[in-house]
Structure formats: C-alpha cells, structure tokens
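J.: Attaching a predicted model along with its sequence, questions to come.
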Amino acid sequence: QSTSPTRRGALIVVEGLDRAGKSSQCEMLRDSLSRQGHVVKYIRFPDRTTPIGKLIDSYLRGSSHQDDHSIHLLFSANRWEISKSIEEDIANGTMVIVDRYSYSGVVYSAAKANPTLSLEWAWRPEIGLPRPDICLFLRISPEEAAKRGGFGAERYENGEMQTRVRELFQTIFEKQQDVSIIDAGKSIEEVSQEIQGAVAGCIARLDVTGALRKLG
Ligand code: ADP
Ligand code: FDM
Ligand code: MG
C-alpha cells in the first residue's frame, strides 16, 4: 500500500450570464479532463433535485413566491447542503466542475435592488463554503447572447434583470482573485481551448497535498 498522500482534485467554477455557454463548456471540460485520465464530476447550482432545490425550482418557474432574502438564503443553503460531498470528492482526487456558484448567488439577488439586500449582505452566508481553485467567468455582450436565442420563461430571463446582473458580475470580478475572464463570444471550440489552458495552469499550480480553501 502506498504511503504517499492522495493528490486532491481541483474545484473549478464556471460563471456567466444566461446563454454565455456555461453548460456547453462544462460538458466539454468534463470530457477533456476525463480524456486526460482525471476522475471528474460535473454539478450545477441550483441543484433542483433536493427538497430545498425543489422550492428554488418552483420559485424560478414562477409557480411560487418567496421573499427576496428568503430565496437568497435557500440558494445558499442549497450550496451548503452539497458542500460536504464536494469536499469529500476533492479530497479523494476528483476534479469537480461547478456550473454557477456563489457569484451567481450574490449577483442575481443584489440585482433586485431591494434596499436591504446589498452585495455585502448577500455574501455573508457564502462565507465558509469551499473556495474555487479557479473561477472562469464567461463574458458575453447582450448582442451575442441574443443571437443564441430569446429569453426563456424563467423568472430572471428578461433584459432589465440581465443588464443589472451583467454590471454586478463586472463589479465583483474586478475584486475577486483566481478569476479568469474568458471572451465567450468566440466559437465554442475557441472558448473551450481557452478554458482548457486556464484550467491546466490552475492544476499545475495547485498544492495537491494541501486542503481546499474556504470562501472568506
Ligand atoms: P448557458 O448554460 O450559459 O445558459 P448554454 O451552454 O446552454 O449556455 O448555451 C446556450 C446556447 O448557445 C446553446 O444553444 C448553445 O449551443 C449555444 N452556444 C454555446 N456556446 C456558444 C458559442 N461559443 N457560440 C455560439 N453558440 C454557442
Ligand atoms: N441563480 C442561481 C440565483 O439567483 N442564485 C443562485 O445562487 C444561483 C446558483 O437561478 F437565473 C439564478 C441564476 C439563473 C437561475 O438558471 C438558474 P440555470 O439555467 O439553471 O443556470
Ligand atoms: Mg446552463
């Protein structure tokens, strides 16, 4: 039996507006890391399968109403309930790819311009969650996003909300460390190449015997 410590995996977050290409890119990244021999898991937030996730799903589809603060805390609770399994997977060497995370969490809630729901307020419940080793922000113009299809029927899929979300993403990612801003207006292949390069750099720099850090 080997006595060398297990090399931990990396926590890789993909963020961006609707139709930036997050889900397509997460799948391509999963496949490319798998081909390199990594064990990979692809998860997304909200995770609509849990009891909390079902409340969120009903809210997003417009079937139920929630107070702005209350739904914000449910989105956060949905990350907390899955955080333990993320930590275990990472410790066991799995590469975990996450489609939306705390950054979507704070930005969509703060975009509602509710006077008691600031970015600072919104960030508090995220403190202590697993900190991504890299966050890939897929940046896209409203024009490019519009070419990829109209708005769907879910709660935040309207121009006004998307404009405020775009501004707030910009605000938070100016300050955030470990963020790679990716021009998501390029072809799927080009974006995928850029992401693979950024992730390879992250994995090469990773202290694989150290623990996952926490959001502060
Ligand atoms: P998101 O998960 O960010 O909402 P998706 O990956 O579901 O975005 O992509 C939204 C739509 O745009 C899909 O129809 C997808 O095929 C298309 N798409 C994704 N990336 C690109 C790209 N780089 N160029 C053109 N179309 C794209
Ligand atoms: N969203 C997502 C939030 O408002 N808060 C969060 O914490 C998260 C993770 O939910 F409108 C919003 C962002 C988006 C919706 O859409 C989820 P997708 O299509 O499942 O990514
Ligand atoms: Mg998606």
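T.: Looks like it came in fine. Ligands and ions are numbered 1, 2, ... in the order given.

J.: Off-centre distance for the longest helix that the chain contains?
T.: In the chain, assigned by DSSP state H, the helix with the most residues is helix 68-91. In terms of C-alpha atoms, centre = their mean, to the nearest Å, the centre of helix 68-91 is set 12 Å apart from its chain centre.

J.: Give me the phi and psi angles of G16.
T.: phi 150, psi 170 (degrees, to the nearest 10).

J.: burial of it, as a residue count?
T.: 25 (other C-beta atoms under 10 Å). Any C-beta I mention is one placed from the backbone N, CA and C, and that applies to glycine too.

J.: which ones are touching it?
T.: 22, 137-140, 169, 184 (C-beta atoms under 8 Å, 6 or more residues apart in numbering).

J.: What distance do you get for it to P5?
T.: 35 Å (C-beta to C-beta, to the nearest Å).

J.: Helix or strand: which one has whichever residue of the chain sits closest to ligand 3?
T.: In the chain, no residue comes nearer to ligand 3 than S23, which is 3.3 Å away by C-beta to the ion. S23 belongs to helix 22-35 when assigned by DSSP states H and E.

J.: From the contact counts, what lies against the helix or strand following that helix?
T.: Scanning forward in sequence from helix 22-35 by DSSP H and E, the next helix or strand is strand 40-44. Other helices and strands packing on strand 40-44, by 3 or more C-beta pairs under 8 Å, 6 or more residues apart in numbering; DSSP states H and E, are helix 22-35, helix 68-91, strand 95-99.

J.: could you check whether the helix or strand that the last one is followed by is close to ligand 2?
T.: Downstream of strand 95-99, the next assigned helix or strand under DSSP H and E is helix 102-110. Yes. Looking at helix 102-110 against ligand 2 by C-beta under 6 Å from any ligand atom, the contacts come from 104-105, 108.

J.: if we can go back for a sec, now check the longest helix of the chain, is it near ligand 2?
T.: Yes. Using C-beta under 6 Å from any ligand atom, helix 68-91 reaches ligand 2 at F75.

J.: Low-confidence ranges, the chain, go.
T.: By pLDDT under 70, the weakly predicted segments of the chain are 1-4.

J.: Quick one: name the residues of it near ligand 1.
T.: So the chain meets ligand 1 at 16, 18-24, 148, 187-188, 191 (C-beta under 6 Å from any ligand atom).

J.: Taking the residues you listed together, which two end up most distant?
T.: D18 and S187 (19.1 Å; C-beta to C-beta).

J.: Looking at these two, which is more packed in?
T.: A direct count of neighbours by other C-beta under 10 Å for D18 and S187 places D18 higher, at 17 against 8.
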